[in-house]
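>>> Curious how this folds, go ahead:
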Amino acid sequence: MTTAERKIPAPAVNPEVKPYFDAAAGGKLLVKFCTACGQYHHYPRAICPHCFSERTEWREAKGTGTVYTCSVLKRGVPVPYCIAYVTLEEGVSMLTNIVDCDPEAVHIGQKVKVVFKPTDGGPPVPMFTPA
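Predicted coordinates:
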C-alpha cells in the first residue's frame, strides 16, 4: 500500500509545534529534550512532562526505531493501513503509520526508519517504513 492511495489529513500547526513541522518539511525529525532532567519527550510541548521544567529544546532525532505495537485498519477505510507506536532510538514512542510496505507484514520488534509523507493541504508528516 502506498500513502498516495489515501489522503493524509493535514496536522494542526500552532506556534508551539511549528518548528517540528518546518523540520519535517526539510526531511528532519525533531524531538523535544529537557535540559533540566535530561530526558526526551514526544509529542512536542514547551513544558517537560517528566519534571515540568520549561527548559526544553529541539533536537534532531536519528529517525530510526522499533515497532512497539501495531494494528492494521481495514474496516471503514478505503485502503487498509498500519498504525503503530514506534519507539525511537532516543527512547520516546510516537504514534505513527508504517508505510511503503505490506501492512500485514509489519510486526512488533521490527526495525523502521522515518520517511516524510505529504498531507492534504498541510506540511509533511513523519511516518516510518521498514529499515
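
>>> Helix, strand, or coil at the residue of the chain positioned farthest from its centre?
Note on the chain: the largest C-alpha distance from the chain mean falls to Ala36, namely 24.2 Å (Cα atoms, centre = their mean). Of the three states, Ala36 takes coil under DSSP: H, G, I helix; E, B strand; the rest coil.

>>> ok, for it, nearest residue in space, not its chain neighbours?
Ser53 (3.6 Å; Cβ to Cβ, 6 or more residues apart in numbering). Where C-beta positions appear, they are placed from N, C-alpha and C, glycine not excepted.

>>> mind listing what the residue farthest from the centre of the chain touches?
Cys48, Cys51, Ser53, Arg55 (Cβ atoms under 8 Å, 6 or more residues apart in numbering).

>>> any idea how far it lies from Gly63?
25 Å (Cβ to Cβ, to the nearest Å).

>>> How about Cys101?
From Cys101 across to Gly63, the span is 17 Å (Cβ to Cβ).

>>> So which of the two has more stuff around it?
When Cys101 is set against Gly63 and neighbours are counted by other Cβ atoms under 10 Å, the residue ahead is Gly63, at 19 against 16.

>>> hang on, the more buried one packs against Lys113?
Yes - using Cβ atoms under 8 Å as the test, Gly63 is close enough to Lys113 to be in contact (5.8 Å).

>>> So for the strand ranked longest in the chain, mean pLDDT?
Under DSSP state E, the strand in the chain containing the largest number of residues is strand 64-73. Strand 64-73 shows an average pLDDT of 97 in the prediction.

>>> tell me the angle of the helix or strand just after that strand relative to strand 64-73?
Per DSSP states H and E, the first helix or strand lying C-terminal to strand 64-73 is strand 81-88. For strand 81-88 and strand 64-73, the angle between their directions (axes from the mean of the first three to the mean of the last three Cα atoms, to 10 degrees) works out to 150 degrees.
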